[in-house]
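Enquirer: need coordinates for the below:
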Amino acid sequence: MKIGILQTGHSPEDLYEPFGDYDGMFRGMLDGKGFEFQTWAVVDGIFPDGPQDADGWLITGSRHGAYEDHAWIPPLEDLIRAIHASKQPLAGICFGHQIIAQALGGKVAKFEGGWAVGRVTYQTQDGPLTLNAWHQDQVVELPEGARVLGGNDFCRNGILAYGDHIISWQPHPEFPSAFVGGLIEKRGRGVVPDEVLDRAAAGLDAPVDNQNIATFLAEFYRKERT
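Expert: Down below sits the predicted model:
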């Protein structure tokens, strides 16, 4: 099964050598599960011809806002709507979570409550799920047909689904905790309040549920759909 990665951002230059780029983190996350991958760096204007170019799709995180004026965002929204119409499996992470909601009629905005950084626990029908987060933007209005699968008081729309073929997460199951530590030091200082960063840094050694999401995502892609 071929998974098309729609890359909407690049890893910070000073973290690239130890951790690689965003698409590589997802390849590593799903390594050994029988998938082949192709990346289209849509952030650089490189797009597939259409949904038929892969069997399933994944949209990465990004430093950009879904609501910002970039030439590559409208065609990405068009592609999301085409994938949705084709009923192919699509997963979105952070920016991917947000741009899917926006493309389908929802609203994304900077959250007045500030930033989520580091380990965050979301309540789901299957119990608590703890993942690393790094965001201020949130989905603040749901599109028609969206179902909330998980969230918390800070981020109520933390995990969304559409039909049985689209799922998205606001947090980052692909981020190892060491990468979040690098973001805290290389990208966060001077942007995110120090008390938020310090609290996140203090919890980086605690476990997260990345592997559970990797298993779930592999099963999601392979699921038989009507």
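Enquirer: how much space separates the closest residue to residue 152 other than its chain neighbours from residue 208?
Expert: Nearest non-adjacent residue to residue 152, counting by CB to CB, 6 or more residues apart in numbering: residue 122, 5.5 Å away. (Each C-beta comes from the backbone N, C-alpha and C, glycine too.) With distances taken as CB to CB, to the nearest Å, residue 122 is found 11 Å from residue 208.
Enquirer: what does residue 42 give?
Expert: 27 Å.
Enquirer: where in the protein is the helix or strand with the lowest mean pLDDT?
Expert: Ranked by mean pLDDT, DSSP states H and E, the weakest helix or strand in the chain is helix 13-19, scoring a mean of 91.
Enquirer: so what does the most centrally placed residue in the chain look like in phi/psi?
Expert: Centroid-nearest residue in the chain: residue 93, 0.8 Å away (criterion: CA atoms, centre = their mean). With angles defined as degrees, to the nearest 10, residue 93 sits at phi -120, psi 130.
Enquirer: list the contacts of it.
Expert: Contact analysis of residue 93 by CB atoms under 8 Å, 6 or more residues apart in numbering lists 26, 58, 59, 60, 61, 168, 169, 171, 172, 173, 174.
Enquirer: same check on residue 179?
Expert: By CB under 8 Å, 6+ apart, the residues touching residue 179 are 15, 19, 25.
Enquirer: if we go to 6 Å?
Expert: residue 19 (CB atoms under 6 Å, 6 or more residues apart in numbering).
Enquirer: and the gap between it and residue 172?
Expert: Taken as CB to CB, the span from residue 179 to residue 172 is 9 Å.
Enquirer: so which residues of this protein form helices?
Expert: Here the chain has its helices, by DSSP state H, at 13-19, 22-29, 73-86, 95-103, 177-183, 194-202, 210-222.
Enquirer: and the contacts of the first one?
Expert: Translated: helix 13-19. By CB under 6 Å, 6+ apart, helix 13-19 touches 179, 182, 186.
Enquirer: any idea how far residue 19 is from the last one?
Expert: Relative to residue 19, residue 186 is positioned 11 Å away (criterion: CB to CB).
Enquirer: who's more crowded, these two?
Expert: residue 19 (18 against 12; other CB atoms under 10 Å).
Enquirer: mind listing what residue 61 touches?
Expert: Taking CB under 6 Å, 6+ apart, we find residue 61 in contact with 93, 94, 95.
Enquirer: flag the shaky bits of this protein, pLDDT-wise.
Expert: Along the chain, no part satisfies pLDDT under 70.
Enquirer: hmm, try it at 90
Expert: 17, 112, 186-187, 189-190, 224-226 (pLDDT under 90).
Enquirer: residues near residue 155, how many?
Expert: Other residues close to residue 155 by other CB under 10 Å number 20.
Enquirer: for it, give its distance to residue 95.
Expert: 14 Å.
Enquirer: which strand residues bridge residue 120?
Expert: Going by DSSP bridges, residue 120 is paired in beta bridges with residue 131.
Enquirer: residue 214 and residue 29 touch, don't they?
Expert: Yes. Counting by CB atoms under 6 Å, residue 214 touches residue 29, with 5.0 Å between them.
Enquirer: list phi and psi for the residue nearest to residue 21 when sequence neighbours are not counted.
Expert: Excluding the flanking residues, the one nearest residue 21 by CB to CB, 6+ apart is residue 11, at 4.9 Å. Main-chain torsions, residue 11, degrees, to the nearest 10: phi -60, psi 140.
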